[in-house]
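A.B. asks: I would like to see how this sequence folds:
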Amino acid sequence: MKREYWIILIAYIAMQLSSFIGVPITSLVLEMIGFDTHSQGFAGVTWLVISFSITLVIVLLLLRNEMVHANEVRNGASIGRSILWSITGVFLALFAQAIAANIERLIGIEVGSDNTQQILRIIETFPIMIVVSSVIGPILEEIVFRKIIFGAFYKRFNFFLSALLSSVIFSFAHMEPEHTLLYSAMGFTFAYLYVKTNRILVPIVAHVSMNTFVVLVQSIYREDLEKLIKQAEQMQSFIGGFFL
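C.D. replies: The predicted structure is shown next:
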């Protein structure tokens, strides 16, 4: 594996663990400059935005030469095909996620990701978190889990095993091993997009778009969605009454 890739992995892991030191320091600094930090969440979100942004800058600087001279620039899909696969990838990811969620429900795993719900609760209070959850986070995840980790496995193993191994690591990184199937569904989809187009930008765009869509639906349009569900349930009960 390239030296730059190892540095990126170390930077990503350090970012994930940095809250233990970064949040208290951020809270202290914010208090010194006059911000009200009685809510610990404010300092936490501020540090998340800072740490994710710094890590993204480091990653892009390390990959700047590769992004210009890499084989995927020369041998990757055309711009038109890349755009098409990016759009298609959003629907593929949502479809794969829905199938995985139904399978988890059938085998007795509680539906819904605690990680996703926690992020949505934070976004309700601190909308700036959308930048991390919908943009910076997916970019870093695709570079780390698809370009680097999946890419390293794919040089030695077939697609299925490489996607499976990188997806399992992906699920454990989110500290939700019980939803390995759900994360694997997404991991396989994004890995397929990467292999199909030979452009990491394609799964990045699909991942960013999917996360943004989920956040919009579950936060901004939550009340409308709940009304639609209630109306559907009422309609189902009404129709069912004719067959009693």
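A.B. asks: CA only for contacts and neighbour counts going forward, please
C.D. replies: Noted.
A.B. asks: May I see the buried residues of stretch 178-194?
C.D. replies: Buried residues in stretch 178-194, counted by 16 or more other C-alpha atoms under 10 Å: 179-194.
A.B. asks: Next step: those residues restricted to helices.
C.D. replies: Counted as lying in helices by DSSP state H, out of those, are 180-194.
A.B. asks: now the end-to-end length of stretch 171-186.
C.D. replies: 10 Å (C-alpha to C-alpha, to the nearest Å).
A.B. asks: Residues in contact with it: which ones?
C.D. replies: 93, 96-97, 100-101, 104, 109, 113, 115, 163-164, 167-168, 170 (C-alpha atoms under 8 Å, 6 or more residues apart in numbering).
A.B. asks: Likewise for stretch 204-214?
C.D. replies: 86-87, 89-90, 93-94, 130, 133-135, 138-139, 142, 190.
A.B. asks: In PyMOL, how would I select the buried members of the residues you listed?
C.D. replies: Command for PyMOL that selects the buried part of the contacts of stretch 204-214, burial taken from 16+ other C-alpha under 10 Å:
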select buried, resi 86+87+89+90+93+94+130+133+134+135+138+139+142+190
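A.B. asks: any idea which helix or strand carries S82?
C.D. replies: helix 79-106 (DSSP states H and E).
A.B. asks: What residues of that helix count as buried?
C.D. replies: 82-83, 85-87, 89-94, 96-97, 100-101, 104.
A.B. asks: helices or strands next to it in the packing?
C.D. replies: The helices and strands touching helix 79-106, judged by 3 or more C-alpha pairs under 8 Å, 6 or more residues apart in numbering; DSSP states H and E, are helix 180-197, helix 201-215.
A.B. asks: Now do the longest one against helix 201-215, angle only.
C.D. replies: Calculated by axes from the mean of the first three to the mean of the last three C-alpha atoms, to 10 degrees, helix 180-197 forms an angle of 140 degrees with helix 201-215.
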